[in-house]
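Visitor: Need coordinates for the following:
(chains A, B and C)
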Amino acid sequence: MHPEPQNEVSPKTIEQVYQPLTRRTFLKGAAASMVGLAGLTAALKPLLELESGAITLDDLLQKHYRELSADDLKRIMAGIADKTEKEHGVRPAVRDLKPLDGVEFGYALNLTRCIGCRKCAHACLKENNQSRDDANDIEMSYIRVLELDKGAINLETSNVYYDPAKVPQKDKFYMPVQCQQCRQSPCTKVCPVQATWQEKDGLVVVDYNWCIGCRYCMAACPYDARRFNYQKPTITKEAINPNQSYLSNRIRPKGVVEKCTFCLHRTRDGKYPACLEVCPTGARVFGNLRDPNSEINYILNNKRVYVLKEEVGTLPRFYYFFDK
Amino acid sequence: MLALVSFASWIALALVTMRGSRAGEPAQPALPVVARPPADQPKVGLASDAHLDKTPPRRTVGLDLVRNGWTYNCMECHKLIQARWRYDRPMNEHKDVKLEHGNNRFCLNCHHPTNRNAFVDYDGAEIAQRDVVQLCAKCHGTTFRDWTAGVHGRQNGFWKTDAGEKTKLRCIQCHDPHQPKFGDMKPLAPLRYPTRGANPPPAAPAASRKH
Amino acid sequence: MRDYVTFLWRVWRLSWQGSVKYYAWMSVLTVLVLIGLHAWARQFVDGLQVTGMTNQVSWGAYIANFTFLVGVAAAAVMLVIPAYIYKKEHMHEVVLFGELMAIAVIVMCLLFVTVDLGRPDRFLHMIPPFGVFNFPGSILSWDVIVLNGYLLINLHIASYLLYSRYRQQQPTKKFYIPFVFLSIVWAVSIHTVTAFLYVGLAGRSYWHHPLVPSRFLASAFVAGPALMVLAFQIIRRTTRYWIGDQPIFTLRMLMTVAMIINMFLLGCELFTEFYYPTQHAAAAHYLYFGLHGHSGLVPWIWTAITLDVIGLVLLASPASRQIAGLNLACVACFVGIWIEKGMGLIIPGFVPTPLGQVVEYLPTLNETLVCLGIWAFGALMYSWMLHVAVPIMNGSLRARPELSPSTL
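Guide: Numbers count the residues shown, from 1 in each chain, chains lettered A, B, ... in the order given. Just a heads-up that it's a prediction; the model follows:
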């Protein structure tokens, strides 16, 4: 044990202990400040490379999508179209599509029919204007097609990189996974700023102009359905789909999360989503859950369906089934 | 090229069948009139979706009548040929047809014995080409039921029918009726191991592939 | 009011007064902070692509450090409880330093969250009157509240006590004692809420585990005191404020108990994962043994486990009755828990992905520099706070120097 000296209290004050402010110390201080300032400037130098218009006052002051007036939204969408035209040379038609009355979307996928051709994953890119390094870069696609061993449905041993000369492989089956548009969506629950929410028709959407990019929703998603723009999206002029909407496939800003919206800009127009359009084998069934005569309800009533990771309690609007 | 091959085979067929022709018939059958309008197969999806590849997965074996619009009048030849009740020796013209369709053993299981432009129903009645679904339904009742409900096969275009047209493909637009099982496909480019991910696997599947 | 302005002026003056060593230390830290700032500016311009994070592993070193540091901040209660509840006199002389450490560490936590944001320019969206606050749904919004609340509580207590000391007045109990007790509960809450950030995610089985908050607290109550033990020795060596051995060895006792609990809970976790392995054990398998040929975290975690065991053995044995042995134990525990709770907790939550894809993560240089910058900033803040607080504590900075300090 050390001896325990008592804390003696200094009889002097700080002004007596330390040097007073003199011309000399002042100059020293000034010199040090200059060095410090220079250091700070050097440290912040990368900020000069920030392109003009990357962050505007309008962006900073913009309100949440659901608080915007119709005029404001119109102005903002025109701004988005301007920006896309300026940066990519294509002027998109950016629209704001509201949920249809009496509609709640549901999706079903027939695992017996899916052959793992990945057409859906690639169509997703073409439709939704995701960032990509080249035409074959499907990292940002909202659909991951898993190759699974027959005999179980074990996602843990799935393979997303499979690339044989021909599919389907004899001992494998295939399972595309995308946003399940959960009724109890963990992603919307955890978002600290309500930048993602469920719409009346069940679609989980993101306000790309409100998202702060904390990626908590990505951690919360049990289906790996969300993608983050780690960089400013790269997409060639030819690849741009000009049919765009504010909540779905417009060109995203850097640093925000995006996800499958069942091609909201198509489905709220009454069209089928792009992944269904291209599915060669007709494994995908899409429709209105509130319409008793819809195809999706036919599946739910007549086929035995299951949902992915039921134990997580997300209550998906996306169903899987096995049927010839 | 296609026309040439087809022309040559018509000549060959004509020569072969001449032996079987009855007396009194003209020795030289007239060449088929390719004047019928293309068969009215429904379109796949919307014209506005040019950026999406909507090709159906039908196998292409030899001359694909359906893909090429089926503009022949089958009876131009078949009026000369006796119906054959076996499938042992394919005809010259149809030798690329390989019948691998369950229990079906010969052409006339589906094709009408006297009118080759039509299919045959249970009672020997004709089923028009555009109603081919009715033919398939003879055996595939449950599939037909699901197809009618819109959950088997491909529907494209509009789910909301008051907003636009829903196109519904017929059986033979996806399935080759002689070999209905889909052929294998080349999968599109796979996901790559993320460039920013640490320790990429040594034999990264992306590296093995040439695009 | 005028007194207070004078006080601030004197503090400002004092901040720029110091020995060559003080200047050297602060300059080194400043350079590191500026390097970190530069790296962050690069990240701000280019986006998070300059980090090693991916769509598959969407949180990395930033959140790992954040998680660990929340625990260190919460550990200030390990001084407050003995000082105020058990009225241990000897803890009173150091409790302020613990609170100051909590302040510096919470600021680091907030910085780590900020640098993790993809859109830091939109941080106002999180602040209630300007933003849309998802409360009480989002645990992250709870975390924003508890972390900032803890910062404010500790700022209040520390600055009130210091200012009273400066004015040579006894602090009025009602102005700070309620906050001291609040801070105890609050400290537990910051770490529990941070644990709930992960535990609340049912889709990540590695985190969705009731043991996680308990382990968080247990490991925090080792790592925090470990840092304080080291800091107190630095204070008593380098400043004119003597900290006796008694508080240090009180902390040793607390650390020992917490470390035993931590290792026991670790054992429970390992048993559950590996005795009858389910699919949910895939993440643990990846962490400890590697999965599908990927084993990036294996050396990290075994280093951590080794350090933890060394720390535990030293703490529980007479070796740590010597200050050198105790210091070794502190370093071992601090580093071990930093790895285990940072990389060892956050990354396996994402590996494999919920769909079974294994993508590994390692921080990039730029990311590491940002982390280093924030650590340097924390050290800079704490050094500065000590530089100001110590003269106030020992009376050399006081409101009325003409009065004898003994009137205190």
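Visitor: Pretty sure A:Gly282 sits against B:Trp147.
Guide: No: under the criterion of C-beta atoms under 8 Å, A:Gly282 makes no contact with B:Trp147, lying 9.3 Å away. Heads up, the C-betas are built off the backbone N, CA and C, glycines and all.
Visitor: Spit out the residues that contact the two alike.
Guide: B:Gly153 (C-beta atoms under 8 Å, 6 or more residues apart in numbering or on different chains).
Visitor: Identify the residue of the stretch 301-408 of chain C closest to chain B, quick one.
Guide: Nearest residue of the stretch 301-408 of chain C to chain B: C:Leu362, at 3.7 Å (C-beta to the nearest C-beta).
Visitor: Could you confirm that residue falls within a helix?
Guide: No: secondary structure of C:Leu362 (DSSP: H, G, I helix; E, B strand; the rest coil): coil, not part of a helix.
Visitor: For it, grab the count of nearby residues.
Guide: When neighbours are counted by other C-beta atoms under 10 Å in any protein chain shown, C:Leu362 registers 19.
Visitor: Give the bridge partners for the closest residue to it other than its chain neighbours, please.
Guide: Distances taken as C-beta to C-beta, 6 or more residues apart in numbering or on different chains put B:Ala198 closest to C:Leu362, at 3.7 Å, once the chain neighbours are dropped. Following DSSP bridges, B:Ala198 is listed with bridge partners C:Glu360.
Visitor: so B:Ala198 touches C:Tyr361, yeah?
Guide: Yes: B:Ala198 lies in contact with C:Tyr361 (C-beta under 8 Å); the separation is 5.6 Å.
Visitor: Send me the helix or strand C:Val72 falls within as CSV with only the CA atoms.
Guide: Assigned by DSSP states H and E, C:Val72 belongs to helix C:61-74. Taking Å, rounded to 0.1, in the frame of the first residue of the first chain, the C-alpha atoms of helix C:61-74 are listed here in CSV:
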residue,chain,number,x,y,z
ALA,C,61,-16.8,-0.8,-36.0
TYR,C,62,-18.7,2.4,-35.2
ILE,C,63,-21.7,0.7,-33.6
ALA,C,64,-19.3,-1.8,-32.0
ASN,C,65,-17.4,1.0,-30.3
PHE,C,66,-20.6,2.8,-29.4
THR,C,67,-22.0,-0.3,-27.7
PHE,C,68,-18.8,-0.9,-25.7
LEU,C,69,-18.6,2.8,-24.7
VAL,C,70,-22.1,3.0,-23.5
GLY,C,71,-21.1,0.4,-21.0
VAL,C,72,-18.0,2.3,-19.9
ALA,C,73,-20.2,5.4,-19.4
ALA,C,74,-22.7,3.5,-17.4
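Visitor: mind checking how far that helix is from the chain centre?
Guide: Mean-position distance between helix C:61-74 and its chain equals 5 Å (C-alpha atoms, centre = their mean, to the nearest Å).
Visitor: pLDDT averaged over it, what's the number?
Guide: Mean pLDDT, helix C:61-74: 96.
Visitor: And what about the residue in the stretch 201-350 of chain C positioned nearest to chain A, helix, strand or coil?
Guide: Per C-beta to the nearest C-beta, C:Gly203 is where the stretch 201-350 of chain C lies closest to chain A, at 2.7 Å. At C:Gly203 the chain is in coil, as set by three-state DSSP.
Visitor: Grab the nearest non-local neighbour of it.
Guide: A:Pro222 (2.7 Å).
Visitor: and that neighbour, what does it touch?
Guide: By C-beta under 8 Å, 6+ apart, the contact set of A:Pro222 is A:186, A:309, A:312, A:314, C:202-204, C:354.
Visitor: cool, and A:Asn128?
Guide: Contacts for A:Asn128 (C-beta under 8 Å, 6+ apart) come out as A:142, A:241, A:248-249, A:263, A:274.
Visitor: give me that answer again for 6 Å
Guide: Counting by C-beta atoms under 6 Å, 6 or more residues apart in numbering or on different chains, A:Asn128 makes contact with A:Asn249.
Visitor: Quick one: name the residues of the stretch 201-324 of chain A near chain C.
Guide: Neighbours of chain C within the stretch 201-324 of chain A, by C-beta under 6 Å from any C-beta of the partner chain: A:212-216, A:218-220, A:222, A:224, A:227-228, A:230-231, A:254-255, A:312.
Visitor: so how far is stretch C:365-378 from its chain's centroid?
Guide: 15 Å.
Visitor: Three-state assignment for A:Phe173, please.
Guide: Following three-state DSSP, we place A:Phe173 in the strand state.
Visitor: Kindly state the beta-bridge partners for it.
Guide: Applying DSSP bridges, one finds that A:Phe173 bridges with A:Leu148.
Visitor: tell me, how many neighbours does it end up with?
Guide: Residues near A:Phe173, counting by other C-beta under 10 Å, number 19.
Visitor: Could you do A:Lys86 as well?
Guide: 10.
Visitor: closest point of chain C to chain A, which residue?
Guide: For chain C, C-beta to the nearest C-beta, closest residue to chain A: C:Gly118, 2.0 Å.
Visitor: Setting the sequence-adjacent residues aside, check what's closest to that residue.
Guide: Using C-beta to C-beta, 6+ apart and skipping the chain neighbours, the partner closest in space to C:Gly118 is A:Gly213 (2.0 Å).
Visitor: From what I see, that neighbour and C:Leu117 are in contact.
Guide: Yes: the pair A:Gly213 / C:Leu117 is scored as a contact, 5.2 Å apart, by C-beta atoms under 6 Å.
Visitor: Who has more neighbours out of the two?
Guide: Neighbour count, other C-beta under 10 Å: between A:Gly213 and C:Leu117, A:Gly213 has more, with 24 against 20.
Visitor: Are we agreed that that one is in a strand?
Guide: No: A:Gly213: not assigned to a strand; according to three-state DSSP it is coil.
Visitor: so who does it touch?
Guide: Applying C-beta under 6 Å, 6+ apart, the residues near A:Gly213 are A:255-256, C:117-119.
Visitor: Low-confidence regions, the stretch 51-200 of chain A specifically.
Guide: The stretch 51-200 of chain A contains no residues with pLDDT under 70.
Visitor: same question, chain B
Guide: Scanning chain B with the threshold set as pLDDT under 70 gives B:1-40, B:60-72, B:86-93, B:203-211.
Visitor: In it, what residue comes closest to chain C?
Guide: Closest point on chain B to chain C, by C-beta to the nearest C-beta, is B:Ala198, at 3.7 Å.
Visitor: Tell me if I'm right that that residue and C:Glu360 touch.
Guide: Yes: using C-beta under 6 Å, B:Ala198 is in contact with C:Glu360, at 4.3 Å.
Visitor: The two: which has the busier surroundings?
Guide: Legend: neighbour count by other C-beta under 10 Å for B:Ala198 and C:Glu360, higher for C:Glu360 (25 against 18).
Visitor: quick revisit: which two of the contacts of A:Pro222 have the greatest separation?
Guide: Farthest pair in the contacts of A:Pro222 (C-beta to C-beta) is A:Thr314 and C:Arg204. Separation: 13.0 Å.
Visitor: Enumerate the residues of the stretch 101-250 of chain A near chain B.
Guide: Residues of the stretch 101-250 of chain A lying near chain B by C-beta under 6 Å from any C-beta: A:117-118, A:122-123, A:126, A:136, A:138, A:160-161, A:163, A:166-167.
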